[in-house]
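[1] just the structure for this:
(one chain, ligands or ions: 10)
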Amino acid sequence: MRAMHASRFALGLGELFKCLGRLGLAGLALGIVGAGSATAAGPAPEVCANCHEAAVAYYKGSIHGQKGNLRGPANAGECSTCHGDATEHVKAGGGKGVGGIKNPGGKSASMAADDKNAICLGCHAGGSKRTHWEGSTHQTRGNACTTCHTMHTQDKVLTKLTQPEVCFNCHKQQRIEVNRAFRHPILEGKVACSDCHNPHGSIGRALMKRDSVVDTCYQCHAEKRGPFVHVHEPVNEDCSICHNPHGTVADSLLKTRPPFLCHQCHTPHGGTIATLRGQPGVTTGALTGKHSINLTQARGCLNCHTQIHGGNNPSLTHPTPQFMLR
Ligand code: HEC
Ligand code: HEC
Ligand code: HEC
Ligand code: HEC
Ligand code: HEC
Ligand code: HEC
Ligand code: HEC
Ligand code: HEC
Ligand code: HEC
Ligand code: HEC
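    Residues are numbered from 1 along each chain as shown. Ligands and ions are numbered 1, 2, ... in the order given. Prediction:
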């Protein structure tokens with residue numbers, strides 16, 4: 001009884017769609033279906049399978065094709081949810097663009113990016129992850145959801161190991177960086193681009209997954225958050241002042257090796273400073289003048305300033321607890 005009622009409703013809608021199509025309002029009709037507000041319009045997947053066996057098979061196995069996925073396309077018009085009513089397409093025996101068939105694929109030029117996206121956003125606008133899609137870098141550069149996502153083949157961006165391939169299509173510089181000697185284990189699939197970036201948009205700069213760079217890094221490097229008694233200002237501000245998280249030629253993902261890194265902001269001090277304070281490994285004779293420290297100590301500044309991300313020396317008697325020496 002219930003099923004019959006539903007199918008009669010579907011027929012009615014199909015009729016309505018044809019009517020709208022004739023009036024040149026097919027786009028509007030698609031919008032209604034995309035919003036997931038109605039049931040099937042157009043031939044069932046079994047009809048399409050005659051000519052599109054692989055596309056139908058993958059769809060049926062995917063989350064979109066499952067009836068159990070109540071808010072999914074399988075309960076909102078099947079193929080027509082994304083491709084429009086394919087009645088004319090089937091009648092004409094198929095073909096690219098034939099019968100007004102729509103293709104929201106990333107590589108297809110038959111629809112504008114925003115029209116492609118409207119189909120997906122009809123169901124995916126909600127949820128915290130895509131709140132900032134509108135106005136985001138990828139949206140304003142004319143990318144479609146389907147620039148990254150595929151519906152009828154394995155969706156590479158959803159798997160950490162294969163995700164970078166998709167991004168590298170456009171981000172050649174990051175491909176180079178990620179292949180450098182010191183890098184996050186991105187190519188191994190242990191860290192993904194999307195661990196740090198939200199490609200759907202964010203309020204942080206550079207599409208940061210969290211509100212800021214530091215908060216994004218704290219997800220995995222919590223110990224760098226502190227709180228520290230003696231804070232090193234740039235560390236609290238933005239890790240990428242010193243690190244390039246994609247990859248570098250310098251140890252520890254540093255953009256530049258110390259002492260040069262440090263010299264960008266600090267004037268080198270002479271070796272006598274350390275001597276006066278009784279630092280280990282420093283002999284008065286060998287170290288005088290500005291350059292001696294850097295030349296004689298391989299890691300330069302870090303040999304003494306070991307707590308570069310912030311120090312917790314509580315000493316009241318130590319003369320210089322604030323200098324991140326230990
Ligand atoms: C009689 C065979 C046949 C049937 C049935 C058929 N198609 Fe097609 N369809 C084709 C052919 C041929 C193409 C062109 C393929 C190509 O050029 O790569 C095509 C292309 C498409 C495209 C790509 C359009 C484009 O412009 O890029 C979509 C989407 C599509 N069909 C959807 C469907 C859907 C949905 C159904 C079922 C409701 C369906 N087709 C039924 C033969 C058919
Ligand atoms: C959730 C949206 C969505 C649904 C539902 C959907 N498709 Fe697609 N379809 C796409 C997108 C996006 C593409 C572009 C290629 C891709 O992403 O894999 C596409 C491409 C196609 C193509 C062209 C294949 C190619 O290589 O470009 C065919 C044929 C097709 N779909 C048939 C179907 C059929 C038949 C159904 C129903 C069984 C269906 N689609 C359901 C989104 C959808
Ligand atoms: C009729 C509603 C509807 C439409 C239209 C739709 N989706 Fe979905 N999609 C869903 C639902 C429901 C899920 C299941 C997960 C969820 O609840 O968010 C889902 C899941 C997904 C997933 C996760 C897949 C996985 O294996 O985990 C991706 C990616 C996705 N959709 C992308 C898209 C894209 C891209 C489009 C447009 C081409 C689109 N969807 C169109 C309803 C829809
Ligand atoms: C620049 C590439 C890119 C674009 C463009 C893109 N996505 Fe994604 N999407 C991803 C990546 C990477 C993931 C997996 C990481 C994650 O979950 O954030 C993902 C995950 C998803 C998921 C599954 C996880 C979830 O959030 O529920 C859905 C659904 C989704 N995207 C929908 C969309 C829609 C809708 C659009 C267009 C408005 C879109 N995506 C545009 C890259 C992209
Ligand atoms: C089809 C091309 C394309 C793909 C694929 C793509 N992007 Fe982009 N992305 C762009 C464009 C265009 C920009 C704008 C800046 C530019 O020209 O480099 C951009 C910018 C960015 C930015 C900087 C944003 C900002 O506001 O500073 C990040 C981060 C980014 N993309 C990450 C990703 C990730 C992660 C992926 C894979 C999940 C990805 N992109 C896939 C085209 C793409
Ligand atoms: C560990 C965190 C992290 C990972 C993983 C990561 N990024 Fe980034 N990415 C950042 C940070 C932080 C910035 C901002 C850096 C800056 O401005 O110096 C950034 C900037 C970018 C930019 C903008 C660059 C510019 O010059 O504006 C692009 C594009 C980008 N990342 C793409 C990617 C891609 C593609 C991947 C995966 C292969 C990836 N990122 C992985 C943290 C990360
Ligand atoms: C998803 C988790 C994750 C996030 C987010 C993350 N990292 Fe990492 N980071 C790792 C892993 C895993 C390693 C490799 C550790 C290893 O090899 O032992 C690593 C290594 C590093 C190293 C090099 C350590 C060494 O011993 O050479 C630095 C520096 C670093 N991360 C900085 C950052 C910065 C800066 C950010 C934010 C832009 C960030 N990380 C975000 C997981 C993460
Ligand atoms: C002022 C420059 C600077 C800033 C800013 C900075 N770091 Fe570092 N970081 C370094 C230096 C220098 C090293 C190498 C330390 C060593 O070799 O003893 C390092 C090493 C690391 C390491 C690997 C060794 C370790 O101590 O675990 C991680 C992880 C790391 N930094 C994460 C971060 C995170 C996360 C941020 C932001 C919250 C950040 N860094 C900000 C300079 C900086
Ligand atoms: C982006 C600029 C920048 C870089 C790069 C940088 N620092 Fe700093 N550092 C600061 C600022 C700002 C302070 C806060 C104290 C001040 O105002 O002089 C500071 C404080 C310090 C202090 C404590 C001195 C004091 O007066 O409290 C030491 C020690 C120090 N930095 C060492 C280093 C070392 C070693 C490196 C290289 C690994 C380094 N810094 C890299 C900006 C930087
Ligand atoms: C041999 C140990 C040692 C080395 C190597 C060393 N420092 Fe220091 N540094 C000290 C000591 C000890 C102090 C505290 C001086 C004081 O009490 O006035 C200090 C103080 C500082 C200060 C705060 C006072 C000032 O002069 O502004 C900065 C900034 C600083 N060092 C940066 C650096 C940088 C950058 C390097 C590498 C080029 C470096 N240090 C190498 C031991 C060292």
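
[2] can you list the residues of the stretch 1-150 of the chain near ligand 2?
    Residues of the stretch 1-150 of the chain lying close to ligand 2 by CB under 6 Å from any ligand atom are 45, 48, 52, 55-56, 59, 64, 73, 78-79, 81-83, 103-105, 146, 150. Every C-beta, even on glycine, is put in place using the N, C-alpha and C of the backbone.

[3] rerun at 8 Å
    Neighbours of ligand 2 within the stretch 1-150 of the chain, by CB under 8 Å from any ligand atom: 45, 48-49, 51-52, 55-56, 58-60, 64-65, 73-74, 77-83, 86, 103-108, 116, 119-120, 145-146, 149-150.

[4] what confidence value was assigned to His230?
    If you check His230, the pLDDT there is 88.

[5] what about it, distance to Asn303?
    18 Å (CB to CB, to the nearest Å).

[6] same check, this time on Pro43
    74 Å.

[7] need the residues that contact the helix or strand containing Val56.
    Under the criterion of DSSP states H and E, Val56 resides in helix 53-61. Residues from elsewhere that reach helix 53-61 (CB atoms under 8 Å, 6 or more residues apart in numbering): 45-46, 48-49, 65-66, 79, 151-153.

[8] report the two of those separated the most.
    Comparing all pairs in the contacts of helix 53-61 by CB to CB, the longest separation belongs to Glu46 and Thr153, at 20.8 Å.

[9] does any part of the helix holding Val56 sit near ligand 1?
    Yes. Helix 53-61 reaches ligand 1 (CB under 8 Å from any ligand atom) through Ala55.

[10] and the helices in the stretch 201-326 of the chain?
    213-218, 233-237, 260-263, 272-276, 292-296 (DSSP state H, counting those that start in this stretch).

[11] tell me the pLDDT at Gly226?
    89.

[12] how far away is it from Leu254?
    20 Å.

[13] what of Cys242?
    6 Å.

[14] repeat for Ser62
    Ser62 is 43 Å from Leu254, by CB to CB.

[15] what about the two, which has more around it?
    Per other CB atoms under 10 Å, whichever of Ser62 and Leu254 has more neighbours is Ser62, with 19 against 16.
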